[in-house]
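Engineer: Structure for the following, please:
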Amino acid sequence: MNFNCIAIDDDLSSLETLSDYVYSLGNYHMLKTFTDPVNAMNFLQQETDELEGRKVDIIFLDVEMPRMSGLELFGLIRSKAHYIIFTTAHLQYALDAFEIRADAFLLKPFSIAKFAQTLNTLPSLQPKKNTQHHSREEEFFFIKSKNEKSKLVKIRFDEIIAIESIQNYISIYTKTKTVVALLTLTKIKEILNKRENFMQIHRSFIISRDYIDEVENSLIRMQNNLMLTVGENYRLELYDFIRDKTIKTGKSSLNFLNTIN
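Structural biologist: Sure, this is the predicted structure:
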C-alpha cells in the first residue's frame with residue numbers, strides 16, 4: 001500500500017529533495033507538490049478526483065512562504081491530512097510547531113536517514129481517534145530557553161510543579177529545573193488545557209494539583225517549597241478540589257474548610 005504525500009514549499013530545490021526521498025522509501029507516493037500555499041489550500045479543500053474523497057496521508061509543510069505562512073496554513077488544512085510535518089531551515093519555528101500540535105518537525109537540510117526516521121515515529125498512517133488518554137508523544141514538549149537561546153529544553157508534563165508569568169515571560173518550575181521562556185501565560189494555558197491536573201490560582205500562576213503540599217487559608221505551599229497566594233477570583237475552583245480531597249475527621253477539619261472561603 002502506498003501512502004499519499006503532498007509537499008508545500010516555495011523553494012523548488014526543497015520540493016525536489018522531498019520528492020526524491022519519498023520515492024526512495026518505496027511505499028510512499030508524492031501525489032502533488034506546491035510552491036504556492038494558496039493553491040495547495042484550494043486543492044485540499046476541494047473534492048478532487050485525485051483525492052477521491054480521502055484524506056492525504058502526510059503533508060510536508062514549509063513555514064516561511066509568500067502570501068501565507070505554513071503556520072497560518074496549518075489550521076486551514078489540519079483536517080485534510082492524517083499527519084502534517086513541518087520542514088524549515090529556521091530552528092526558531094520549532095516551538096510554534098509544537099504549540100500548534102504539528103506531528104513532526106524536520107530542520108533543513110536533513111538527510112534521507114533523518115527523513116525516514118521521522119516517518120517511522122508516526123504511530124500509524126490511519127485516521128487519529130479521539131481519546132482521553134495521552135500518547136507518549138503528548139507526555140512532553142520542547143520550549144526555547146531565554147537564557148540559552150540556541151537550546152530547546154524538554155519539559156515533561158508530569159514534572160511541572162508550577163508556572164509563573166512575569167510580563168511576556170514565564171518561569172516553568174519542575175522537579176529538576178526552572179526554565180524561563182518568552183511565552184505568555186495564555187499560550188501555555190492553551191497547551192495545558194486538556195490536562196485536568198493543572199489549574200490557575202492567580203493571574204500570574206498555574207499549578208499542578210499533584211504537587212500541592214500544604215494549604216493554609218489562601219496560601220499554598222508546593223513541593224519545591226514555593227509559597228503562593230490564591231487570587232480571589234480563583235479560590236472557588238481550588239477550594240472545591242480541596243474539599244473533595246479532604247478526609248473529614250471531625251469538627252477541626254470542618255472548621256478548617258470553613259476558614260478557606
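Engineer: Could you use CA atoms for every contact and neighbour count after this?
Structural biologist: OK.
Engineer: Can you show me the helices along the stretch 151-261 of the chain?
Structural biologist: 185-192, 235-245, 251-259 (DSSP state H, counting those that start in this stretch).
Engineer: Flag every buried residue along stretch 4-12.
Structural biologist: By 16 or more other CA atoms under 10 Å, the buried positions in stretch 4-12 come out as N4, C5, I6, A7, I8, D9, D10.
Engineer: brain fart, stretch 59-73
Structural biologist: I59, F60, L61, D62, V63, E64, M65, G70, L71, L73.
Engineer: Just confirm the fourth one contacts T88, I think it does.
Structural biologist: It stands for D62. Yes: with contact defined as CA atoms under 8 Å, D62 counts as touching T88 (5.5 Å).
Engineer: Common neighbours of those two, please.
Structural biologist: Here D62 and T88 have no joint contacts, going by CA atoms under 8 Å, 6 or more residues apart in numbering.
Engineer: now, which of the buried residues of stretch 59-73 sits nearest V215?
Structural biologist: L71 (42.2 Å; CA to CA).
Engineer: Next, that closest one: secondary structure please.
Structural biologist: helix (DSSP: H, G, I helix; E, B strand; the rest coil).
Engineer: quick one: which of the buried residues of stretch 59-73 is nearest L182?
Structural biologist: Once CA to CA is applied, the member of these that ends up nearest L182 is L71, at 18.4 Å.
Engineer: so where's the chain uncertain?
Structural biologist: Low-confidence segments of the chain (pLDDT under 70): 1, 47-53, 124-138, 149-150, 248-261.
Engineer: what residues go with each domain of it?
Structural biologist: The chain is divided into the following domains under automatic domain parsing: 3-120, 141-259.
Engineer: now the shortest one, how far from the centre of its chain.
Structural biologist: In terms of CA atoms, centre = their mean, to the nearest Å, the centre of domain 3-120 is found 18 Å from the chain centre.
Engineer: Also the last one?
Structural biologist: With CA atoms, centre = their mean as the basis, the distance from the averaged C-alpha position of domain 141-259 to the chain average is 19 Å.
Engineer: for the chain, what's the longest helix?
Structural biologist: Ranked by number of residues, the top helix in the chain under DSSP state H is helix 12-24.
Engineer: hmm, back to that, the buried residues of stretch 4-12 in strands, which ones?
Structural biologist: Judged by DSSP state E, these include N4, C5, I6, A7, I8 as members of strands.
Engineer: Can I get these in CSV including distance to L25?
Structural biologist: Formatted as CSV, those follow (distance: CA to CA, whole Å):
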residue, distance to L25
N4, 12
C5, 12
I6, 15
A7, 16
I8, 19
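Engineer: which residues does the residue nearest to L192 when sequence neighbours are not counted contact?
Structural biologist: Once flanking residues are discounted, L192 sits nearest to F198: 6.9 Å by CA to CA, 6 or more residues apart in numbering. By CA under 8 Å, 6+ apart, the contact list for F198 reads L192, I206, I207, S208, R209.
Engineer: could you redo the last one with a cut-off of 10 Å?
Structural biologist: F157, I160, I161, A162, I163, K189, L192, I206, I207, S208, R209, D210 (CA atoms under 10 Å, 6 or more residues apart in numbering).
Engineer: among these, which two are most distant?
Structural biologist: It's K189 and D210 that sit farthest apart of those, by CA to CA, at 16.9 Å.
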